[in-house]
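K.L.:
I need the structure of the sequence given here:
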Amino acid sequence: MSVGKILDKIDKRDIIELLSDLVSMPSYDSEQRVVEYIAQRLDEINVEYEITEVAPARQNLTAFTGAGERSLIFNSHIDTVPPGNTENWKTPPLELTRSGDYLFGLGACDAKGSLAGMITAFELLARNSHLLAGRLILQAVCCEETHARGTLAEVERGITADAAIIGEPTSLVPMIGHKGALRLYITIFGKAAHGSAPQEGVNAISKMAVMVQALDALAKDIFQRRDPLFENASLAVTEINGGEAPNVIPDKCVIALDRRLIPGAKLNGHREQRLSNTLNLTLPGIRGESLVLALDQKGVAASSGSACHAGQPEPSRALVAMGLSHDEAHCAVRFSLGIGNTADEIDSTLSSIEQIVHESQDVIRFVACR
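P.N.:
This next block holds a predicted model:
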């Protein structure tokens, strides 16, 4: 019997029952229950598998069957987004509900539906592995909704194949890739004050509002960049958090950005298409080298705008060329990020800046700019 004829024997009701089990298990903050469920199914048919701990309570399951030089991966993710306000659901999010030809439930489409199909096919082929002309690998991965760490963990530990089928909701239209994703956080610091005397503080939320407007304008430009296969690039402000109380001028505001990349985005290259690898920071009324000196005491190397450093009226041409105004560039502090910089190093630098601004104002204010 051929592999095709074996797959033709799959009962769709079995797939729906499997999907119902998967949907009933919440997996937006931990995949462990689903991993244990899949492992139990594979134990019943004596299939080899490995469980990889990507983060606490965040796990991948990778199973293997067949042998040979050729190989194929079935890959789909276990995690889902949170259900949000369940009162807005027309059906219970953790209960698979059928309406006509459609099945509703959290993750039923993205991507437990494809995972159920892949598990069913894999189990059937594992029972008939002698018919396979190569090695089949099933990957049920975690953390796809948060930086795709699950699949990355499998790649980093050397799980490869000649080809892979990724289970995602594409309306059964084959795709050969997807957009890249870059998620960033921007923090603006202000100065706290009582709500009755706002003039004595610096409102971080008001400052961030200007930033958001600028980012929205930039997003319109980015959306014009289009790829025939992946369509439009995008930028969106997706989270905002700031303020401690309704009667306190907020001294901090944080936003999150979601940037979707298409082929052609580069670390360097055309100024309007590159991903900047330089951070420029300007603190009004403070010389750039004053902050550089304070950072140097904390072991952070940076450089200041040439105007401040040389005491000249004109700022660095390089900073102006990067889009800063003359006033912004005059005292800017420049941080160049290399490919070898780690997230921990970047976080440490930002933490040092925060400490200097909030705890050492007497150190960096005594040399005012111009």
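K.L.:
neighbours of Ala294, how many?
P.N.:
Neighbours of Ala294 under the rule other Cβ atoms under 10 Å: 20. (Each C-beta comes from the backbone N, C-alpha and C, glycine too.)
K.L.:
can you classify it by secondary structure?
P.N.:
helix (DSSP: H, G, I helix; E, B strand; the rest coil).
K.L.:
could you check how far it is from Gly4?
P.N.:
69 Å (Cβ to Cβ, to the nearest Å).
K.L.:
again with Met208
P.N.:
On the measure of Cβ to Cβ, Met208 and Gly4 end up 58 Å apart.
K.L.:
who's more crowded, these two?
P.N.:
Neighbour tally, Met208 and Gly4, criterion other Cβ under 10 Å: the higher count belongs to Met208, 24 against 8.
K.L.:
backbone dihedrals for that one, please?
P.N.:
The phi/psi pair for Met208 (degrees, to the nearest 10) reads phi -70, psi -30.
K.L.:
list the contacts for it?
P.N.:
By Cβ atoms under 8 Å, 6 or more residues apart in numbering, Met208 lies in contact with Ile186, Ile188, Ile240, Gly242, Cys253, Ile255.
K.L.:
against Ile188, how distant is it?
P.N.:
With Cβ to Cβ as the criterion, Met208 and Ile188 are 5 Å apart.
K.L.:
overlap in contacts, those two.
P.N.:
With Cβ under 8 Å, 6+ apart, Met208 and Ile188 have common neighbours Cys253.
K.L.:
report the distance from stretch 73-88 to the chain centre.
P.N.:
15 Å (Cα atoms, centre = their mean, to the nearest Å).
K.L.:
now the helices for the stretch 201-350 of the chain?
P.N.:
Ranges of helices in the stretch 201-350 of the chain, per DSSP state H, counting those that start in this stretch, are 204-223, 288-297, 306-310, 317-321, 326-330, 343-359.
K.L.:
weakest of those helices in terms of mean pLDDT?
P.N.:
Ranked on mean pLDDT, the bottom entry among the helices of the stretch 201-350 of the chain is helix 306-310, at a mean of 49.
K.L.:
thinking again about what came up before, got a PyMOL select line for the buried ones in the contacts of Met208?
P.N.:
The buried residues among those can be selected in PyMOL (16 or more other Cβ atoms under 10 Å) with this line:
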select buried, resi 188+242+253+255
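K.L.:
which of the contacts of Met208 fall within strands?
P.N.:
For the contacts of Met208, the ones inside strands are Ile186, Ile188, Ile240, Gly242, Cys253, Ile255, with DSSP state E as the criterion.
K.L.:
hang on, isn't the first one packed against Ile255?
P.N.:
Read it as Ile186. Yes. At 5.2 Å, Ile186 counts as touching Ile255 under the criterion of Cβ atoms under 8 Å.
K.L.:
how much space separates the residue lying closest to Ala233 once chain neighbours are set aside from Asn232?
P.N.:
Once flanking residues are discounted, Ala233 sits nearest to Arg225: 4.3 Å by Cβ to Cβ, 6 or more residues apart in numbering. In this view, Arg225 and Asn232 are 7 Å apart by Cβ to Cβ.
K.L.:
now list whatever residues contact both of the two.
P.N.:
Ile262.
K.L.:
is the closest residue in space to Leu19 that isn't next to it in sequence in a helix, a strand, or coil?
P.N.:
With Cβ to Cβ, 6+ apart as the measure, Ala116 is the residue that lies nearest to Leu19, at 4.1 Å, once sequence neighbours are left out. Secondary structure state of Ala116, per three-state DSSP, is helix.
K.L.:
what bridges to Phe104?
P.N.:
Thr97 (DSSP bridges).
K.L.:
that one reaches Thr97, doesn't it?
P.N.:
Yes. The pair Phe104 / Thr97 is scored as a contact, 4.7 Å apart, by Cβ under 8 Å.
K.L.:
ok, Phe230 - contacts?
P.N.:
Gly177, His178, Lys179, Ile262, Pro263.
K.L.:
can you list the domains in the protein?
P.N.:
Per the record, the chain has its domains at 3-167, 179-268, 276-370, by automatic domain parsing.
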